[in-house]
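Chemist: Give me a model of this one.
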Amino acid sequence: MIGMHKMVHLLSDILLNPSTLPGALCIGGLYLLVALIAIRLVRLWSHRLAEHPQLFIDKTAANFVGQLLQLGCFLIAMTAYSHTVPALHKFGTALLTSASVLSIILGIAAQSTLGNLIAGIALLFYRPFGIGDVLIINTPIGKETGTVKEFSLGYTKLLAEDGHWIIAPNSIVISSILIRLK
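Modeler: Numbers count the residues shown, from 1 in each chain. All right, here's what the predicted structure looks like:
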C-alpha cells in the first residue's frame with residue numbers, strides 16, 4: 001500500500017509539476033483540452049444564434065463573432081499556459097503586452113466599425129424596432145420612410161416606399177430619433 005501511495009505521489013509530482021518537461025506537457029494537454037471544449041461550445045452557440053430568427057442576426061455576423069470568440073478561447077488558454085510554466089513566464093508576459101498594444105491599435109483603427117458593432121448589440125438587446133416595422137428616419141436627403149427588412153450587427157436595412165434601399169449604420173440608427181409607424 002505504501003509503495004502504491006508513493007508511486008501515485010511521485011507521478012503527481014512529475015506530471016502536475018509545471019517545472020518539469022512531463023509536467024509542462026501534461027498541463028499543456030489539459031489547457032488544450034479545456035480550450036477545445038470552450039471552442040466547441042462557442043461554435044455551437046454561434047450556430048444556434050445564427051439559426052434563431054427572433055434575434056435578427058444574419059448568419060455571417062454570427063459566424064464572424066463566433067470565430068473571434070474561438071480565437072479568443074485559444075489565446076486565453078495559451079496565455080494562461082505560458083504563465084503556468086515557469087520557463088514560459090516571460091513569453092506569457094510578452095503575449096499580454098502585445099495583446100494590449102494590438103487591442104489599442106485595432107480599437108483606434110476600427111473606431112466606427114466597433115461603434116456600429118456595439119450599437120448593433122444594443123439594438124439587439126433593447127429592440128426598439130423589429131423586422132417588418134415601418135420607420136421614419138433622417139437621411140442625408142431628408143426624411144425617409146421605410147420598412148425594416150434586415151438587421152445585422154453593423155447595419156440596418158430598410159426598404160423605402162419607392163423601392164430603394166436605405167442602409168443605415170447602427171451607430172446612426174441608435175443615436176437617431178426614429179418614428180415607428182407600425
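
Chemist: All the strands of this protein, residue numbers only.
Modeler: 134-139, 142-151, 155-160, 165-169, 179-180 (DSSP state E).

Chemist: Run through the helices of this structure in chain order.
Modeler: Here the chain has its helices, by DSSP state H, at 2-15, 21-51, 59-84, 89-109, 111-126, 170-175.

Chemist: Low-confidence bits of the protein, can you list those?
Modeler: For the chain, applying pLDDT under 70 flags the ranges 1-3, 10, 53-58, 60-61, 182.

Chemist: Can you give me the domain assignment for it?
Modeler: 2-109, 127-180 (automatic domain parsing).

Chemist: Reformat the ones you listed as JSON lines; add mean neighbour count and distance to residue 115.
Modeler: To be clear about C-beta, it is placed using only N, CA and C from the backbone, and glycine gets the same treatment. Listed next are those as JSON lines, based on neighbours: other Cβ atoms under 10 Å; distance: least, Cβ to Cβ, whole Å:
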{"stretch": "domain 2-109", "mean neighbour count": "14", "distance to residue 115": "10"}
{"stretch": "domain 127-180", "mean neighbour count": "15", "distance to residue 115": "4"}
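
Chemist: Can you tell me which of the helices of the chain is nearest to residue 145?
Modeler: Nearest to residue 145, of all the helices of the chain, is helix 170-175, at 14.6 Å by Cβ to Cβ.

Chemist: Please identify which of the helices of the chain is closest to residue 147.
Modeler: helix 170-175 (14.3 Å).

Chemist: Cool, thanks, talk later.
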